[in-house]
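Asker: coords below, sequence missing:
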């Protein structure tokens, strides 16, 4: 996946200022990353092998396929930027 430069003025249009936008993006990226991690662990749980000895465990082709699929998914930061640009993120300040 190639890196694409972002025009910060476009990101700035979706928030009060650029710093606020970066905080919103980082929080959303963390949420996405956590969701992806949970989903990957759930799928890999079915292939958990018991390691009774210190011998090398053979690679399970299905487990390898799942890992490769997750590596090909868009990165959490890119998903967060896409969400912000398409106005799928809403945020508010906490009441004191």
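Answerer: Structure received. Keep in mind that this is a model prediction, so the values were computed, not measured.
Asker: now residue 87, what's its secondary structure?
Answerer: coil (DSSP: H, G, I helix; E, B strand; the rest coil).
Asker: contact partners for it?
Answerer: residue 14 (C-beta atoms under 8 Å, 6 or more residues apart in numbering). C-beta here means a position set from N, CA and C on the backbone, and glycine is covered the same way.
Asker: I figured residue 60 hits residue 46, correct?
Answerer: No - when contacts are counted by C-beta atoms under 8 Å, residue 60 is not listed as touching residue 46 (10.0 Å).
Asker: more crowded one of the two?
Answerer: Taking neighbours as other C-beta atoms under 10 Å, residue 60 and residue 46 compare with residue 60 leading, 13 against 9.
Asker: from residue 67, how far out is that one?
Answerer: Per C-beta to C-beta, to the nearest Å, residue 60 is found 10 Å from residue 67.
Asker: could you do residue 6 as well?
Answerer: 29 Å.
Asker: and if you look at residue 92?
Answerer: Residue 92 is 37 Å from residue 67, by C-beta to C-beta.
Asker: same drill for those two, tell me which one is more crowded.
Answerer: residue 67 (15 against 5).
Asker: now do that one against residue 86, distance only.
Answerer: 29 Å.
Asker: how distant is the helix ranked longest in the chain from the center of its chain?
Answerer: If you go by DSSP state H, the chain has its longest helix at helix 18-45. The chain centroid and the centroid of helix 18-45 are separated by 4 Å under C-alpha atoms, centre = their mean, to the nearest Å.
Asker: downstream of that helix, the next helix or strand is which one?
Answerer: Going down the chain from helix 18-45, the next helix or strand is helix 61-72, by DSSP states H and E.
Asker: got the angle for that following helix vs helix 18-45?
Answerer: 170 degrees (axes from the mean of the first three to the mean of the last three C-alpha atoms, to 10 degrees).
Asker: could I get the contacting residues of the spatially most central residue of the chain?
Answerer: Nearest to the mean C-alpha position of the chain, by C-alpha atoms, centre = their mean, lies residue 76 at 2.7 Å. With contact taken as C-beta under 8 Å, 6+ apart, residue 76 is in contact with 29-30, 32-33, 36.
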